[in-house]
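>>> 3D model of this:
(one chain, ligands or ions: 2)
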Amino acid sequence: MFSLLYGLWKYLFSKAEFHVLILGIDKAGKTTLLEKLKTLYSDFEGLPPDRIVPTVGLNIGRIEAYKSKLIFWDLGGQLGLRTIWEKYFEEAHAVLYVIDAANQARFEDAKSALEKVLRHEELKGAPILIFANKQDVEDASSAEEISRYLDLKELNEQLSMVQGVSAHDGTGIKEGIMWLVDAMKTSKRTELLRQRVDAVVR
Ligand SMILES: Nc1nc2c(ncn2[C@@H]2O[C@H](COP(=O)(O)OP(=O)(O)OP(=O)(O)O)[C@@H](O)[C@H]2O)c(=O)[nH]1
Ligand SMILES: [Mg+2]
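Numbers count the residues shown, from 1 in each chain. Ligands and ions are numbered 1, 2, ... in the order given. As a prediction, the model looks like this:
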């Protein structure tokens with residue numbers, strides 16, 4: 001009886017927990033974004049951009065948003081570090097892919113790294129939120145332009161959204177996160193990951 005009531009209580013009142021993997025090539029602005037997320041969604045003030053250094057290990061950020069607990073994993077995007085990304089695929093509910101929309105010279109690199117991510121079996125069905133970052137820079141490409149440039153077949157097949165943001169001033173971030181939480185709450189992948197956890201706990 002107790003376990004039944006506890007189960008019901010948990011179902012009604014505990015917040016869903018989601019793991020979001022922040023990926024993108026080096027200097028896209030992933031860590032700056034993570035720190036901005038902490039500022040926007042918690043009482044904790046994230047690090048200012050001038051205190052952020054290139055990521056070699058893993059940065060973790062926990063926030064609560066839209067009645068959910070979100071755990072962000074921010075990995076390094078330098079070429080030699082991208083092989084580490086796939087170690088986190090299996091447990092990720094979704095991917096937040098960051099592109100520097102103000103640096104055309106690196107669009108090709110950003111696109112091919114994203115293609116590799118999308119092709120990966122272990123991320124099947126994961127919602128993909130793409131942030132066209134650095135919209136505060138005057139000649140940054142818009143979300144529409146980035147979307148057209150990426151022109152990914154896999155993106156149409158997968159739950160995805162491209163959103164223009166600035167990790168510096170916060171523009172567009174909340175719109176994107178709102179979409180992502182909604183997408184994770186309803187995705188088949190979330191259900192699949194939940195079943196897997198339940199099977200281990202039992
Ligand atoms: N103008 C502008 N610059 C940004 C923005 N976001 C990040 N930057 C700058 O871009 C540079 C790289 O930012 P990081 O957050 O370290 O990039 P990263 O993607 O984490 O890079 P790695 O850790 O090497 O993979 C820094 O100089 C940031 O201040 C933005 O929205 N606007
Ligand atoms: Mg970083």
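>>> every contact and neighbour count from this point should use C-alpha atoms.
Fine.
>>> get me the contact residues on the protein for ligand 1.
25-32, 49, 52-55, 76-78, 133-134, 136-137, 166-168 (CA under 6 Å from any ligand atom).
>>> the same query, at a cut-off of 5 Å, please.
Proximity of the chain to ligand 1, by CA under 5 Å from any ligand atom, involves residues 26-32, 49, 54-55, 76-77, 134, 166-168.
>>> so which of those belong to helices?
Counted as lying in helices by DSSP state H, out of those, are 30-32.
>>> so which of these are also by ligand 2?
Thr31 (CA under 5 Å from the ion).
>>> dump the ones in helices among the residues of the chain next to ligand 1 into CSV; add pLDDT and neighbour count as well.
Shown next, in CSV, are those (pLDDT from 0 to 100; neighbours: other CA atoms under 10 Å):
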residue, pLDDT, neighbour count
Lys30, 98, 30
Thr31, 98, 28
Thr32, 98, 21
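>>> quick one, grab the pLDDT at the spatially closest residue to Ser141 that is not a sequence neighbour.
By the measure of CA to CA, 6 or more residues apart in numbering, the closest residue to Ser141 outside its immediate chain neighbours is Ala101, 5.2 Å from it. pLDDT recorded at Ala101 is 98.
>>> count of neighbours near Ala101?
Using other CA atoms under 10 Å, the number of residues around Ala101 comes to 26.
>>> roughly how far apart are it and ligand 2?
16 Å (CA to the ion, to the nearest Å).
>>> mind listing what that residue touches?
When contacts are counted by CA atoms under 8 Å, 6 or more residues apart in numbering, Ala101 touches 107, 132-135, 140-142, 146.
>>> quick one, helices of this structure?
Listed in chain order, the helices of the chain (DSSP H) span 2-13, 30-41, 107-119, 143-150, 153-157, 173-186, 188-201.
>>> need the winner for burial among these.
Greatest average neighbour count among the helices of the chain goes to helix 30-41 (a mean of 22), per mean count of other CA atoms under 10 Å.
>>> got the CA positions of stretch 142-149 in CSV?
Extracted as CSV, the C-alpha positions of stretch 142-149 are listed here (Å, rounded to 0.1, in the frame of the first residue of the first chain):
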residue,chain,number,x,y,z
SER,A,142,19.8,34.5,-38.9
ALA,A,143,18.1,31.3,-37.7
GLU,A,144,16.4,31.0,-41.1
GLU,A,145,19.8,31.4,-42.9
ILE,A,146,21.5,28.8,-40.7
SER,A,147,18.6,26.4,-41.2
ARG,A,148,18.8,26.8,-45.0
TYR,A,149,22.6,26.3,-44.9
